[in-house]
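Colleague: Whatever this is, show me its structure:
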Amino acid sequence: MLTFTHSAVIYIKVPVSALVDGVYVDPTADVVSMAWVVPGAQPTTEWAAATWETDPSGVRPVYLARRLSTGLTAGMWTAWVRVVHGVETIILPAGLLRVL
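Modeller: Presented below is the predicted three-dimensional model:
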């Protein structure tokens with residue numbers, strides 16, 4: 001769980017990885033978006049464009065979907081990530097946000 005104040009403007013970052021035929025793929029050409037919804041709900045219209053960040057410092061690069069935290073009010077939120085890769089649309093919950 002990530003905790004921060006509602007007045008903070010930070011990137012919410014979520015690692016994204018995928019294997020195709022046993023090989024890790026670079027998703028940064030894919031369209032990525034993120035949503036914040038109350039815990040227990042699934043996003044419908046809350047999606048907003050996100051961007052990619054790459055951390056090349058490890059054994060293999062780590063790809064991070066990221067979106068600024070603007071617009072979040074105090075409370076608990078679930079972060080979701082959506083990646084469109086070819087004919088696939090992958091939608092996964094990414095974790096809880098606690099906004100003070």
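Colleague: And the strands in this structure, which stretches?
Modeller: 2-4, 11-16, 19-20, 23-24, 31-37, 48-49, 51-55, 62-68, 75-85, 88-99 (DSSP state E).
Colleague: what lines up beside the first one in the sheet?
Modeller: Note on strand 2-4: by DSSP bridges, its sheet partners are strand 88-99 (parallel).
Colleague: And for the fifth one?
Modeller: The pairing partners recorded for strand 31-37 under DSSP bridges are strand 48-49 (antiparallel), strand 75-85 (antiparallel).
Colleague: Quick one, which of these gets closest to Leu68.
Modeller: Closest approach to Leu68 among the strands paired with strand 31-37 is made by strand 48-49 (9.0 Å; CB to CB). Placement of C-beta: from N, CA and C, glycine included.
Colleague: Could you verify my assumption that Thr28 touches Thr51?
Modeller: No - in this structure Thr28 lies outside contact range of Thr51 using CB atoms under 8 Å: 9.2 Å.
Colleague: if we can go back for a sec, tabulate the strands of the chain in TSV, adding columns for mean neighbour count.
Modeller: Formatted as TSV, the strands of the chain follow (neighbours: other CB atoms under 10 Å):
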stretch	mean neighbour count
strand 2-4	13
strand 11-16	18
strand 19-20	8
strand 23-24	10
strand 31-37	20
strand 48-49	11
strand 51-55	13
strand 62-68	19
strand 75-85	18
strand 88-99	14
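Colleague: between those, which gets the lowest average pLDDT?
Modeller: Ranked by mean pLDDT, the strands of the chain bottom out at strand 19-20, with a mean of 84.
Colleague: Run me through the strand neighbours of it, direction for each.
Modeller: Strand 19-20 has these strand partners (DSSP bridges): strand 23-24 (antiparallel).
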